[in-house]
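> Pasting the sequence and the predicted coordinates here, then a few questions.
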Amino acid sequence: LGSYAALLLFIFVDFVPLVVVFVFCFFFFFQAEDGIRDFCLSRGLGDVYKRQGYVPLREQYDNSVSHALEYYIADFALSRFAEALGKKKDAEMFYKRSLGYKHYYSKEFGTFRPILPDGTFYSPFNPRQGENFEPNPGFHEGSAWNYSFYVPHDVYGLAKLMGGKNPFIKKLQMVFDEGLYDPANEPDIAYAHLFSYFRGEEWRTQKETQRLLDKYFTTKPNGIPGNDDTGTMSAWAIFNMIGFYPDCPGLPEYTLTTPVFNKVTIRLDPKWYKEKELVIESNRTPVSYTHLTLPTNREVLTLLDPD
């Protein structure tokens, strides 16, 4: 178990993948000794993050904001896992910590902004610095716009922080309209699905996902945006072609969008599902996207207990 924990320390510090969070937390809740449990609580995070809820910028081009945003998502995933196992205090602690992204929000610029060790915002600050993988204080391979909606576990809280539904939608649409969206930079690949959290705006999700598929995913040699990165870009394309997407790690939910195909059949494992197939059908026309009329704020496909 000791060598396993050491391996996971490397993974958590460098990548913070949420799939590993869940695997590791099996040991946290069921098999781990106190020392390993404490490690899962900290995951190699700095004292400032654990104490104050954010990671300060200590070097000009470190990735403090990028790292912290991934920590928040990981903490949210841990909170869900803890809650499912009846660990209420741990669930509350992790969830509260997952909301620390609010520290980084700058009302002056309307984006996330690096925080210095003394608690003040980094200056001079340009929210567009980092485009085309230009070095950028606090952000990894992207601008502040590529990260400022990267809070999939608290979309409504982020919208409130930005002034409410209308300012949120306007700002998010601006990211696409002004070319601030970067399909090769993974923190923003779920941006198009955030529109569907708000009644009456679902059409934007459908329009943008179709536009992005048509523009960036082709049969040409360069027909994928950037590095596929162990299949991330391909998975994004396949999910959206099918008509749903897992926009929030840690939740077994998929936000709906317009399928590319008239019919999709997914074979289900009889070990887990009573039905043999999941069939998705649409009346899509070749020249335009099909608008889905959704009855609720956010129509999702939920995969929980198949019974």
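Alright, I've got the coordinates.

> what about the strands in the stretch 1-150 of the chain?
Per DSSP state E, counting those that start in this stretch, the stretch 1-150 of the chain carries strands over the ranges 105-106, 111-112.

> quick one: which of these is nearest residue 194?
strand 111-112 (15.1 Å; C-beta to C-beta). C-beta here means a position set from N, CA and C on the backbone, and glycine is covered the same way.

> Report the distance from that closest one to the chain centre.
Remark: strand 111-112 is offset 16 Å from the chain centroid, using C-alpha atoms, centre = their mean, to the nearest Å.

> Give me the helices and strands touching that strand, please.
Secondary-structure packing of strand 111-112 (3 or more C-beta pairs under 8 Å, 6 or more residues apart in numbering; DSSP states H and E): strand 105-106.

> change it to 10 Å
Counting contacts by 3 or more C-beta pairs under 10 Å, 6 or more residues apart in numbering; DSSP states H and E, strand 111-112 packs against helix 64-84, strand 105-106.

> about what we covered before: okay, the strands of the stretch 1-150 of the chain, which one's buried deepest?
strand 111-112 (a mean of 25; mean count of other C-beta atoms under 10 Å).

> ok, that strand: who's next to it in the sheet?
If you go by DSSP bridges, strand 111-112 pairs up with strand 105-106 (antiparallel).

> Would you map the helices across the stretch 201-307 of the chain?
202-216, 232-242 (DSSP state H, counting those that start in this stretch).

> Show me where the stretch 201-307 of the chain dips below the pLDDT cut-off.
The stretch 201-307 of the chain contains residues with pLDDT under 70 at 284-307.

> And residue 54, how close does it get to residue 71?
9 Å (C-beta to C-beta, to the nearest Å).

> measure the closest residue to residue 57 other than its chain neighbours to residue 130 for me?
Nearest residue to residue 57, sequence neighbours excluded (C-beta to C-beta, 6 or more residues apart in numbering): residue 114, at 4.1 Å. Residue 114 sits 11 Å away from residue 130, going by C-beta to C-beta.

> Give me the common contacts of those two.
Counting by C-beta atoms under 10 Å, 6 or more residues apart in numbering, the residues touching both residue 114 and residue 130 are 136-139, 144.

> between those, which is closest to residue 100?
Nearest to residue 100 among the shared contacts of residue 114 and residue 130, with distances taken as C-beta to C-beta, is residue 138, at 14.7 Å.

> correct me, but the closest one touches residue 126?
No - the criterion here is C-beta atoms under 10 Å, and residue 138 misses it with residue 126 at 11.6 Å.

> Looking at the two, which one has more neighbours?
residue 138 (29 against 12; other C-beta atoms under 10 Å).

> Roughly how far does that one sit from residue 234?
From residue 138 to residue 234 the distance is 29 Å (C-beta to C-beta).

> Surely residue 181 and residue 209 touch.
No - contact criterion C-beta under 10 Å: residue 181 and residue 209 do not qualify, at 11.8 Å.

> which of those two has more neighbours?
More crowded of residue 181 and residue 209, by other C-beta under 10 Å: residue 209, with 26 against 20.

> circling back: quick one, which of the strands of the stretch 1-150 of the chain gets closest to residue 191.
Closest to residue 191 of the strands of the stretch 1-150 of the chain is strand 111-112 (C-beta to C-beta; 13.3 Å).
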